[in-house]
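1. let's see this in three dimensions:
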Amino acid sequence: MEDNMLRSAQRRITNMSAQLGKRVTNNHVLSAQKRTKVLTVESMNPHVRLMEYAVRGPIVAKAGQIEKELKEGKSYPFTEVIKANIGDCHATGQKPLTFLRQVVALCTYPELLNDPKFPTDAKQRAELILSDCKGRSIGSYSESAGVEIIRKHIAGYISKRDGGVPCDYNDVFVSTGASDGIKTILKLLMTGESGNKRAGVMIPIPQYPLYSATNSEYNAYQINYYLDEDNNWGLNIEELRRALNEARPNCIPRALVVINPGNPTGQVLTRKNIEDIIKFAHEERLFLLADEVYQDNIYAKGSAFHSFKKCLAELGPDYADQELASFMSTSKGYMGECGFRGGYCEAVNLDPDVKVQLMKSISAKLCPTVSGQTAMDVVVNPPQPGEPSFELFDKEKQVVLGTLKKKAEMVTSIFNSIEGVQCNVVQGAMYSFPRIFLSEKAIQEAQRRGQEPDAFYCYELLEQTGICVVPGSGFGQIPGTFHFRMTILPPLEKVQGVLERFKDFHLKFTEKYR
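-> Predicted coordinates for the structure are as follows:
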């Protein structure tokens, strides 16, 4: 009897195990069927989803695809793609500055300090930087705000640039390109609220897409103010006031962004204009962000760079409490060292408690790249007259800036010689932003294809000529007007060829859609 009871119990256990196993298997199958990715386009941060960055947008991806197809032997009406979409100087053929690369090389591989081929002034600068790096290595973390001696050199550069206006190196932090510094300051200005409690940030239209992308990412309310194309992309104070007043019901206005010299528009603000902007920002209690990364790129006769910092200081004590953050980069100017990602921000007149929070925010990122800081050190502490490297450094610098000036004049002249194209004088920076007049037929064809009219035009330009430019709709423009941004960076002889190809394309496009 006991044997029967034991066998019965064993059968029950076997049956229960089989049923349990079946349920577990079924549950796994159901789980596998129901499970989706934790992160989907629908579930991801919606503010990131809204971000757009036209400079590296779909048309640039198409240009990359065409480049690959050309290498694979596919036939196009051209043999190469000319990427005139982005301010990447070295990618378009500009040569690195000898002295800058020597100092970076010495800091990267200090054994070269014993090499007699390197000039003494390059070695002295490298020694100075290395002596302020932990372990005498740029491979070590620096202070979060940057290597102290480099920040002191930046402060000296700013003070010299501004005719002796003092600069405290404690107001300076080095950043991973100017973009990182800009985003750091904008992040401080956010309210953390939604709806009409969001921070409002005034940006110029046309604008550099970093600003619209960051506004989307940070859930800020974008306040567009339009530059005056008929007045060489001038900045009108009444337009600032209009934009601000219209935005007030929708947000809490916190900041005003100014890009000088302009990107994508290439204008250079006058001193009087800058003073009026500062007065407006002070009156309206707006934090000023001055994007001045093109301060060395001035070409037009009668144009000159005036820093917001200097103009603010010289306005006197009535404006001494105006908050201002100014930005500079190694990527532009005559250096064009985009890949090093060197930049800095000088933030003045901050509340002391806010400054503590700024330093905390920076420290969470550990530090900017120290090789980029080294490159920035050369920009702010270049060879001086009488030093071994001065003549070569100055020659290389002037060749770059002189060639850019010639290209700025050439681009303006040739664009304005073409029927249906209108281009303001490229006073500074690295871009032209011509207006194109499109027929109703061309606009309708763009709509049929589901494209913005200027995007349609730029796609056709790319596919017919290999010239890659960025549609004006990626930067913003007055509704009903159409533009594109083209860099002036390719070599002089190549720019001339690009403009000839453009002219031929434009005339054929105009005839086709007349």
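2. which secondary structure elements does the helix or strand where residue 454 lies contact?
-> In the assignment (DSSP states H and E), residue 454 maps to helix 453-465. Where contact means 3 or more Cβ pairs under 8 Å, 6 or more residues apart in numbering; DSSP states H and E, helix 453-465 is packed against helix 58-71, helix 440-448, strand 470-471, strand 484-487, helix 492-512. Every residue, glycine included, has its C-beta placed from N, CA and C.
3. tabulate those (JSON lines), appending distance to residue 211 and mean pLDDT.
-> Output for the helices and strands packed on helix 453-465, formatted as JSON lines (distance: least, Cβ to Cβ, whole Å; pLDDT from 0 to 100):
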{"stretch": "helix 58-71", "distance to residue 211": "19", "mean pLDDT": "90"}
{"stretch": "helix 440-448", "distance to residue 211": "26", "mean pLDDT": "95"}
{"stretch": "strand 470-471", "distance to residue 211": "15", "mean pLDDT": "92"}
{"stretch": "strand 484-487", "distance to residue 211": "15", "mean pLDDT": "94"}
{"stretch": "helix 492-512", "distance to residue 211": "28", "mean pLDDT": "93"}
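4. for residue 386, find the nearest of the ones you listed.
-> When these are compared by Cβ to Cβ, helix 492-512 sits nearest residue 386, at 32.0 Å.
5. quick one: that closest one to helix 440-448, angle?
-> Put simply, helix 492-512 runs at 100 degrees to helix 440-448, going by axes from the mean of the first three to the mean of the last three Cα atoms, to 10 degrees.
6. alpha carbons of helix 492-512, in PDB - could you do that?
-> The C-alpha coordinates for helix 492-512 follow below in PDB (Å, rounded to 0.1, in the frame of the first residue of the first chain):
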ATOM      1  CA  LEU A 492      40.600  80.200 -54.700                       C
ATOM      2  CA  GLU A 493      40.800  78.500 -58.100                       C
ATOM      3  CA  LYS A 494      38.200  75.900 -57.100                       C
ATOM      4  CA  VAL A 495      35.800  78.600 -55.800                       C
ATOM      5  CA  GLN A 496      35.900  80.300 -59.300                       C
ATOM      6  CA  GLY A 497      35.100  76.900 -60.900                       C
ATOM      7  CA  VAL A 498      32.300  76.300 -58.500                       C
ATOM      8  CA  LEU A 499      30.700  79.700 -59.200                       C
ATOM      9  CA  GLU A 500      30.900  79.100 -63.000                       C
ATOM     10  CA  ARG A 501      29.200  75.700 -62.600                       C
ATOM     11  CA  PHE A 502      26.600  77.400 -60.300                       C
ATOM     12  CA  LYS A 503      25.900  80.100 -62.900                       C
ATOM     13  CA  ASP A 504      25.400  77.500 -65.600                       C
ATOM     14  CA  PHE A 505      23.100  75.500 -63.400                       C
ATOM     15  CA  HIS A 506      21.000  78.500 -62.200                       C
ATOM     16  CA  LEU A 507      20.400  79.700 -65.700                       C
ATOM     17  CA  LYS A 508      19.200  76.200 -66.900                       C
ATOM     18  CA  PHE A 509      17.100  75.800 -63.800                       C
ATOM     19  CA  THR A 510      15.400  79.200 -64.300                       C
ATOM     20  CA  GLU A 511      14.700  78.400 -67.900                       C
ATOM     21  CA  LYS A 512      13.300  74.900 -67.100                       C
END
